[in-house]
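[1] A structural model of the following input is requested.
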Amino acid sequence: MTLLLREAIGDSLRRARTERRATLRQVAGRARVSLGYLSEVERGRKEPSSELLAAICDALEFPMSELLVEAADTLRPEPAVLLPAVPIGTRQADLRRASAPLHRDGAPASASALVSVAA
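    Numbers count the residues shown, from 1 in each chain. A predicted model of the protein is given here:
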């Protein structure tokens, strides 16, 4: 699921407000926005203008630059984990055998894979 910028900003604003133990009513009053609008911003339903965002950040004493960095960090994708390529048609048994642990001499470590060789 893709996170939108307004959702990342809302999450950061809510976190900042709750860390400061401020209520929606207190922040809305200081920012001169309606309580309902601030609630919608925090839930990521409304995308505030830069002027309103600045007023909310000022009310929280939370620098807008920190808000934007935090939101950008939230939106940054996790590094992909690359798995080795497996040729088409490779059987599950071949994959298990290829990933089975080996003894120091290079022989398979599992008992089922040991082969008795006549001298």
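[2] can you point me to the longest helix in the protein?
    helix 5-19 (DSSP state H).
[3] and Asp11, what does it touch?
    Counting by CB atoms under 8 Å, 6 or more residues apart in numbering, Asp11 makes contact with 42, 44, 71, 74. Quick note: C-beta positions are derived from backbone N, CA and C, even for glycine.
[4] can you check Leu5 too?
    Counting by CB under 8 Å, 6+ apart, Leu5 has contacts 47, 71, 75.
[5] Skipping its backbone neighbours, what lies nearest the last one in space?
    In this structure, Leu75 finds its nearest non-sequential neighbour in Ala8, 5.3 Å apart by CB to CB, 6 or more residues apart in numbering.
[6] got it, and Val27?
    Closest to Val27 by CB to CB, 6+ apart is Ala59, at 5.0 Å.
[7] and the one you found, what element?
    Element membership for Ala59, per DSSP states H and E: helix 50-60.
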